[in-house]
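Colleague: with the sequence up front, the predicted model follows.
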Amino acid sequence: MDIDPGADGSVPEVPIALTGNSKDVGWKYGKYCDSTNKSKVKCDFCGHISTGGIYRFKKHIVGVENVVASCKKATPEAKEACKKALEKVVVTKGTKRQHEQDLRDDVHISSSIGDVVCVGSSTSEPNKVGPMDMFVHPIDGKSSKEEALRQLSMNEALFKERVHQASQYVARWVYTHAIPFNALDNYEFKQMCEAIGKFGPGYEPPSQFDLREKLLSEEYARTKSLLDDREAQKIKLGCTIMTDAWTDMKRRSIMNVCMHCSGGTSFLKSKETSDVSHTGEVIFELVDKAIEEVGAKHVMQVCTDNASNNMAAKKLLLEKRPNIFWTSCATHTINLMLQGIGNIKRFKSIVDQAQKVTIFIYAYHKTLAYMRKCTKRRDIVRPGVTRFASNFLTLQSLAEKRDALRAMVVDRAWEEMPIVKTKKGKDATATLMDANFWKGVTLCLKVFEPLVSLLRLVDGDVKPSMA
């Protein structure tokens with residue numbers, strides 16, 4: 001939506017978006033009633049305010065009894081849509097719980113002690129807690145209801161305390177060795193915890209030598225066996241050879257070769273190419289050897305970026321193997337499209353202005369600290385898949401913080417900064433107050449957004465990035 005400046009050159013205030021950023025179906029029938037409290041959602045049908053977020057609001061639309069107040073004016077279509085959304089959440093959670101249980105069941109620890117029972121492997125098996133059993137007694141079936149409930153409450157409290165104590169040791173290890181928090185969502189980590197729990201007290205972790213030698217060889221053999229299914233898919237449906245060149249932190253040039261089939265992507269090999277030029281002949285030889293190793297009759301196509309050396313290798317491959325296609329990488333193709341559009345004068349001037357503003361703000365501690373104060377500690381610069389996607393994200397971030405940034409540059413604290421009085425500071429202030437600049441930002445977002453969305457799709461880990 002274009003924003004026309006007023007008679008005095010000022011840009012009118014834009015109302016704060018009162019709908020969530022997600023594509024949840026609930027936002028079709030409700031909106032935030034308070035921009036500072038995201039848990040309150042107002043119903044468009046009856047005006048009722050739900051205080052549990054969009055999930056509880058959907059229960060209000062459906063009319064879940066004894067949980068929330070039902071909406072008397074909701075249409076059948078709205079009720080059906082929200083009902084399906086709620087059911088989908090239940091199914092998704094159930095599938096996740098079942099998957100985690102399957103992970104636990106896959107852990108097998110043998111024991112020579114007859115009275116030791118595995119923990120957590122099945123709901124039908126009793127749990128051996130260990131030394132804490134001395135503080136907890138089984139509930140007597142002949143005891144009164146009040147005594148049974150009291151003992152059950154004590155058992156639950158002790159169990160929670162036990163879990164908390166164990167979690168403290170896990171957290172200490174994570175903090176001490178800077179382990180990323182998302183590593184705890186890894187399936188292998190959960191299986192490791194299950195295996196240690198089943199082993200019981202006295203488990204000795206493997207030594208560094210074991211990890212480097214025996215255990216590494218065993219894991220390599222196990223991983224290789226998991227690729228047997230992909231080998232069958234390759235023979236049945238064919239595969240794609242993919243290459244990618246990159247430079248590591250030691251400035252070594254490395255080229256990776258991977259194979260993709262319907263079962264997924266598998267790493268084949270990597271080669272250091274620091275001592276040779278990346279000519280079409282070098283790339284052709286590397287790809288041709290990979291085709292020979294995989295089996296020429298199973299290779300359907302080769303996927304690379306659109307660099308000139310890859311196009312030269314394409315011609316050489318076409319002469320030797322005319323039945324194999326050479327396909328350009330979709331990510332690189334879309335990136336070139338973004339680059340081409342960004343070089344158009346109308347868009348380039350806006351991108352250049354935005355870059356100058358962000359460079360000025362981030363170049364000085366005072367301007368950066370004051371910007372974060374005005375935007376509630378939210379940054380402007382956001383990394384993207386590519387440099388041109390980063391430009392889009394920066395423009396998007398500027399548009400989201402437009403009101404805060406414009407209020408910042410007219411504040412006395414900003415004007416009194418010595419660095420703001422320089423030419424670069426005056427240019428940055430003028431840009432943020434320019435109505436035409438913000439209109440240009442809006443136009444750029446409209447043009448770039450479809451391509452950036454597609455770039456995110458093809459560059460994800462779920463699907464390979466090929467045309």
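Modeller: Cool, got the structure.

Colleague: give me the distance from stretch 225-236 to the chain's centre.
Modeller: Its chain's average C-alpha position is 28 Å from that of stretch 225-236, according to C-alpha atoms, centre = their mean, to the nearest Å.

Colleague: between the two ends of stretch 68-84, how far is it?
Modeller: By C-alpha to C-alpha, to the nearest Å, the extent of stretch 68-84 from end to end equals 18 Å.

Colleague: so what touches that stretch?
Modeller: For stretch 68-84, the surrounding residues in contact (C-beta atoms under 8 Å, 6 or more residues apart in numbering) are 25-26, 28-29, 43, 45-46, 48, 50, 52, 56, 58-64. Backbone N, C-alpha and C define where each C-beta goes, glycine included.

Colleague: try it again at 7 Å.
Modeller: With contacts defined as C-beta atoms under 7 Å, 6 or more residues apart in numbering, stretch 68-84 is touched by 25-26, 29, 43, 45-46, 48, 50, 56, 58-63.

Colleague: show me the residues you listed that map onto helices.
Modeller: Those of these mapping onto helices are 56, 58, 59, 60, 61, 62, per DSSP state H.

Colleague: TSV please, covering the residues you listed and showing neighbour count.
Modeller: Converted to TSV, those look like this (neighbours: other C-beta atoms under 10 Å):
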residue	neighbour count
56	16
58	28
59	21
60	26
61	32
62	23
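
Colleague: pick the one among these closest to residue 305.
Modeller: Among the ones in helices among the contacts of stretch 68-84, residue 58 lies closest to residue 305 (C-beta to C-beta), at 44.0 Å.

Colleague: pLDDT score for the closest one?
Modeller: Residue 58 is assigned a pLDDT of 90 by the prediction.

Colleague: which ones are touching it?
Modeller: 26, 82, 85, 86.

Colleague: 8 Å instead, please
Modeller: Shown in contact with residue 58 (C-beta under 8 Å, 6+ apart): 25, 26, 82, 85, 86.

Colleague: give me the buried positions along the host helix or strand of the last one.
Modeller: Residue 86 belongs to helix 76-105 when assigned by DSSP states H and E. For helix 76-105, burial by neighbour count (16 or more other C-beta atoms under 10 Å) applies to 78, 79, 81, 82, 83, 85, 86, 104.

Colleague: and for stretch 441-459?
Modeller: Here stretch 441-459 shows 441, 442, 444, 448, 451, 452, 455, 458, 459 as buried, counting by 16+ other C-beta under 10 Å.

Colleague: so where does the fifth one fall, helix or strand?
Modeller: Going back to what we said before, that points to residue 451. Residue 451 belongs to helix 435-458, assigned by DSSP H and E.

Colleague: for that helix, name the packing helices and strands.
Modeller: Using 3 or more C-beta pairs under 8 Å, 6 or more residues apart in numbering; DSSP states H and E, the elements in contact with helix 435-458 are helix 330-342, helix 345-363, helix 387-400.

Colleague: which other helices and strands contact the first one?
Modeller: Judged by 3+ C-beta pairs under 8 Å, 6+ apart, helix 330-342 is in contact with helix 345-363, helix 387-400, helix 435-458.

Colleague: off-centre distance for the lowest-mean-pLDDT helix or strand in the chain?
Modeller: None of the helices or strands of the chain scores lower by mean pLDDT, DSSP states H and E than helix 145-176, at a mean of 80. Offset of helix 145-176 from its chain centre (C-alpha atoms, centre = their mean): 32 Å.

Colleague: one more: stretch 208-216?
Modeller: Distance of stretch 208-216 from its chain centroid, counting by C-alpha atoms, centre = their mean, is 32 Å.

Colleague: contact partners of it?
Modeller: residue 206.

Colleague: out of the contacts of stretch 68-84, which is nearest to residue 159?
Modeller: residue 56 (29.0 Å).

Colleague: ok, that closest one to residue 86 distance?
Modeller: Remark: distance between residue 56 and residue 86 (C-beta to C-beta, to the nearest Å) = 10 Å.

Colleague: for residue 361, same thing?
Modeller: Counting by C-beta to C-beta - residue 361 and residue 86 are separated by 44 Å.

Colleague: ok, now residue 258?
Modeller: 41 Å.

Colleague: show me where pLDDT drops low in the stretch 101-250 of the chain?
Modeller: Residue ranges of the stretch 101-250 of the chain with pLDDT under 70: 107-152.

Colleague: could you pull out the helices for it?
Modeller: For the stretch 101-250 of the chain, the helices defined by DSSP state H, counting those that start in this stretch cover 145-176, 187-199, 208-212, 214-226, 228-237.

Colleague: ok, back up a step: between the contacts of residue 58, which sits nearest residue 332?
Modeller: Closest to residue 332, out of all of the contacts of residue 58 and judged by C-beta to C-beta, is residue 25, at 35.5 Å.

Colleague: how far away is the closest one from residue 48?
Modeller: 18 Å.

Colleague: got the ones in helices among the contacts of stretch 68-84 as CSV, with distance to residue 427 columns?
Modeller: Converted to CSV, these look like this (distance: C-beta to C-beta, whole Å):
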residue, distance to residue 427
56, 48
58, 49
59, 52
60, 51
61, 51
62, 55
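
Colleague: identify, from those, the entry nearest to residue 377.
Modeller: Closest to residue 377, out of all of those and judged by C-beta to C-beta, is residue 56, at 28.4 Å.

Colleague: thought the closest one was touching residue 50?
Modeller: Yes - counting by C-beta atoms under 8 Å, residue 56 does reach residue 50; the two are 5.1 Å apart.

Colleague: quick revisit: mind checking which of the helices and strands packed on helix 435-458 is nearest residue 420?
Modeller: With C-beta to C-beta as the yardstick, what comes closest out of the helices and strands packed on helix 435-458 is helix 345-363 (9.0 Å).

Colleague: list the buried residues in the next helix or strand after the closest one.
Modeller: As assigned by DSSP H and E, the chain's next helix or strand after helix 345-363 is helix 365-374. Residues of helix 365-374 classed as buried: 367, 370, 371, 374 (neighbour count, 16+ other C-beta under 10 Å).

Colleague: what residues are up against the closest residue to the first one other than its chain neighbours?
Modeller: Okay, so that is residue 367. If the residues on either side of it in the chain are set aside, residue 367 comes closest to residue 361, at 4.9 Å by C-beta to C-beta, 6 or more residues apart in numbering. By C-beta under 8 Å, 6+ apart, residue 361 lies in contact with 367, 368, 371, 380, 428.

Colleague: residues in contact with the second one?
Modeller: I take that to be residue 368. Listed by C-beta under 8 Å, 6+ apart, the contact partners of residue 368 are 361, 362.

Colleague: gap between it and residue 379?
Modeller: Counting by C-beta to C-beta, the gap from residue 368 to residue 379 is 9 Å.

Colleague: got it, and residue 191?
Modeller: Taken as C-beta to C-beta, the span from residue 191 to residue 379 is 37 Å.

Colleague: now residue 264
Modeller: Using C-beta to C-beta, residue 264 is found at 35 Å from residue 379.

Colleague: who has more neighbours, the two?
Modeller: residue 379 (15 against 12; other C-beta atoms under 10 Å).
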